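Student: based on what follows, work out the 3D shape:
(one chain, ligands or ions: 1)
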Amino acid sequence: MCWLTNFSHCRLVKKKRVDQSETLTLPFIRHSLIRQEDSIIFSLLERDQYCYNADTYDHYAFSVDSFNGSLVEFMVRETEKLHSQVGRYKNLDELPFFPADLPEPMLPPLQYPQVVSNVQPPQSSNYFLAPQEGHIIFCAALLLKGLVVRSLPTKPFIHSSSSEQQSLNMVCRRSMMSGSIGCLHPCADSININNKVWSMYFRDLLPRLVTAGDDGNCGSAAVCDTLCLQVLSKRIHYGKFVAEAKFRESPAAYEDAIRAQDRAQLMELLTYETVEAAIKKRVEMKAKTFG
Ligand SMILES: O=C(O)C(=O)C[C@]1(C(=O)O)C=C[C@@H](O)C=C1
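Tutor: Residues are numbered from 1 along each chain as shown. Now for the predicted structure:
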């Protein structure tokens with residue numbers, strides 16, 4: 001495998017790579033959500049093999065080179081550094097927990113298609129859904145062992161300045177395949193709520209998932225935690241693509257609520273109670289079957 005040897009001699013380094021997997025259309029987003037569900041259930045079940053193992057999370061227990069912290073933090077940081085080298089965090093749907101100081105990828109960038117729906121966005125519209133002072137993020141509802149994980153939306157945003165439009169266009173050009181319509185707003189692109197995912201996982205989920213106590217497997221626990229965090233993060237951030245695709249399918253329905261900065265109305269538009277109920281039922285059934 002060439003990435004195990006010297007990257008400068010790797011054929012892939014010189015090749016222009018375009019993602020042609022059509023993963024950002026709404027049907028593919030939905031399909032991906034179902035597959036991610038499986039990954040989450042399996043990862044959590046794997047973690048559930050081991051006890052809690054408190055040493056894994058002791059902030060003062062692990063010290064190597066210049067790193068001081070918990071074993072799990074070390075594991076996630078080092079995994080992210082390695083994965084970053086093959087471009088994991090250049091993917092629109094992968095976000096690191098420790099974005100600072102990640103090494104640049106050694107592979108050339110992969111170009112991504114835009115979020116695609118069957119409906120053209122209105123020509124004159126400068127509306128996008130964005131984070132914090134911007135884009136909506138509405139996230140996964142997961143039911144496992146009675147636990148619902150849901151990240152609430154942030155403030156809706158309307159942007160209209162030409163410099164913002166320019167930067168949007170640049171992002172579109174940078175990361176999107178020509179011929180597609182629409183793309184994630186740069187603000188949406190920059191949403192990373194992994195700090196919330198991290199604290200939700202360690203504070204709310206893990207203690208309810210595993211058996212209390214210590215079985216000595218803190219290394220395995222850290223490996224499993226890393227996988228759980230990655231799949232949960234991906235699933236939760238996928239809300240960005242769902243929201244964008246839904247907006248683009250019927251922008252008129254969302255425009256009034258965006259103008260009014262009406263978060264409740266936007267959530268109502270984006271939420272399909274019956275779909276969520278079906279997801280919870282399906283996840284519960286899968287968890288019982290696999291577990
Ligand atoms: O499949 C859809 O239509 C979605 O909107 C996806 C999704 C989800 O994230 O699972 C998002 C919001 C809805 O309330 C229900 C489901």
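
Student: in the helix ranked longest in the chain, what's buried?
Tutor: Using DSSP state H, we find that the single longest helix of the chain is helix 26-47. Burial within helix 26-47, assessed by neighbour count using 16 or more other CB atoms under 10 Å, is assigned to 26, 29, 32-33, 36-37, 39-45, 47. To be clear about C-beta, it is placed using only N, CA and C from the backbone, and glycine gets the same treatment.

Student: and Asn192, what is it in contact with?
Tutor: Residues in contact with Asn192 (CB atoms under 8 Å, 6 or more residues apart in numbering) are Leu95, Pro96, Pro99, His237.

Student: nearest to Val76, of those residues?
Tutor: Pro96 (8.7 Å; CB to CB).

Student: the closest one and Phe290: what is the separation?
Tutor: 28 Å (CB to CB, to the nearest Å).

Student: so what's the residue count around Ile279?
Tutor: Residues near Ile279, counting by other CB atoms under 10 Å, number 18.

Student: can you point out the buried residues in the one helix or strand it maps to?
Tutor: Using DSSP states H and E, Ile279 sits within helix 273-290. Of the residues in helix 273-290, Ile279, Val283, Lys286, Ala287 count as buried by neighbour count, 16+ other CB under 10 Å.

Student: stretch 97-108 too?
Tutor: Neighbour counts over stretch 97-108 (16+ other CB under 10 Å) mark Phe97, Phe98, Leu102, Pro105, Met106, Leu107 as buried.

Student: out of the contacts of Asn192, list just those in strands.
Tutor: Members of those lying in strands (criterion: DSSP state E): none.

Student: checking Ser63 next. Helix, strand or coil?
Tutor: Following DSSP: H, G, I helix; E, B strand; the rest coil, Ser63 is assigned to strand.

Student: can you get me a residue count around it?
Tutor: 10.

Student: that one bridge partners, please.
Tutor: Partner residues in beta bridges with Ser63, using DSSP bridges, are Asn68.

Student: so it versus Ser70, what's the distance?
Tutor: According to CB to CB, Ser63 stands 11 Å off from Ser70.

Student: which part of the stretch 101-250 of the chain gets nearest to the ligand, residue-wise?
Tutor: The ligand sits closest to Val242 of the stretch 101-250 of the chain, with a gap of 4.7 Å, by CB to the nearest ligand atom.

Student: how close does that residue get to Tyr50?
Tutor: Counting by CB to CB, the gap from Val242 to Tyr50 is 33 Å.

Student: likewise for Ser39?
Tutor: 18 Å.

Student: repeat that for Gln85.
Tutor: 29 Å.

Student: which of these two has more neighbours?
Tutor: Shown here are Gln85 and Tyr50; by other CB under 10 Å, Tyr50 has more neighbours (23 against 16).

Student: wait, a strand at the more buried one?
Tutor: No. Counting by three-state DSSP, one finds Tyr50 to be coil, located in no strand.

Student: report the contact partners of it.
Tutor: Contacts for Tyr50 (CB under 8 Å, 6+ apart) come out as Val210, Asp215, Asn217, Ser220, Ala221, Cys224.

Student: neighbour-wise, which of those leads?
Tutor: Busiest of those [other CB under 10 Å] is Ala221, holding 27 neighbours.

Student: which residues sit in contact with that residue?
Tutor: Contact analysis of Ala221 by CB under 8 Å, 6+ apart lists Arg47, Tyr50, Cys51, Tyr52, Asn53, Thr56, Val72.

Student: name the element it belongs to?
Tutor: Following DSSP H and E, one finds Ala221 within helix 218-237.

Student: helices or strands next to the helix or strand following that helix in the packing?
Tutor: Note on helix 218-237: by DSSP H and E, the next helix or strand toward the C-terminus is helix 239-249. Secondary-structure packing of helix 239-249 (3 or more CB pairs under 8 Å, 6 or more residues apart in numbering; DSSP states H and E): helix 26-47, helix 186-189, helix 263-270.

Student: does any part of the longest one sit near the ligand?
Tutor: Translated: helix 26-47. Yes. Interface with the ligand: helix 26-47 contributes Arg30, Leu33 (CB under 6 Å from any ligand atom).

Student: export that helix to CSV, keeping only CA atoms.
Tutor: Listed next in CSV are the C-alpha coordinates belonging to helix 26-47 (Å, rounded to 0.1, in the frame of the first residue of the first chain):
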residue,chain,number,x,y,z
LEU,A,26,-31.0,13.6,-0.5
PRO,A,27,-31.7,9.9,-1.2
PHE,A,28,-28.1,9.2,-0.6
ILE,A,29,-28.0,11.3,2.6
ARG,A,30,-31.0,9.2,3.8
HIS,A,31,-29.3,6.0,2.8
SER,A,32,-26.1,7.1,4.6
LEU,A,33,-28.0,7.9,7.7
ILE,A,34,-29.3,4.4,7.9
ARG,A,35,-25.8,2.9,7.5
GLN,A,36,-24.4,5.3,10.1
GLU,A,37,-27.1,4.0,12.4
ASP,A,38,-25.7,0.5,12.1
SER,A,39,-22.1,1.8,12.7
ILE,A,40,-23.2,3.6,15.9
ILE,A,41,-25.0,0.6,17.3
PHE,A,42,-22.1,-1.7,16.6
SER,A,43,-19.6,0.7,18.0
LEU,A,44,-21.6,1.2,21.2
LEU,A,45,-22.0,-2.5,21.6
GLU,A,46,-18.3,-3.0,21.1
ARG,A,47,-17.6,-0.5,23.9
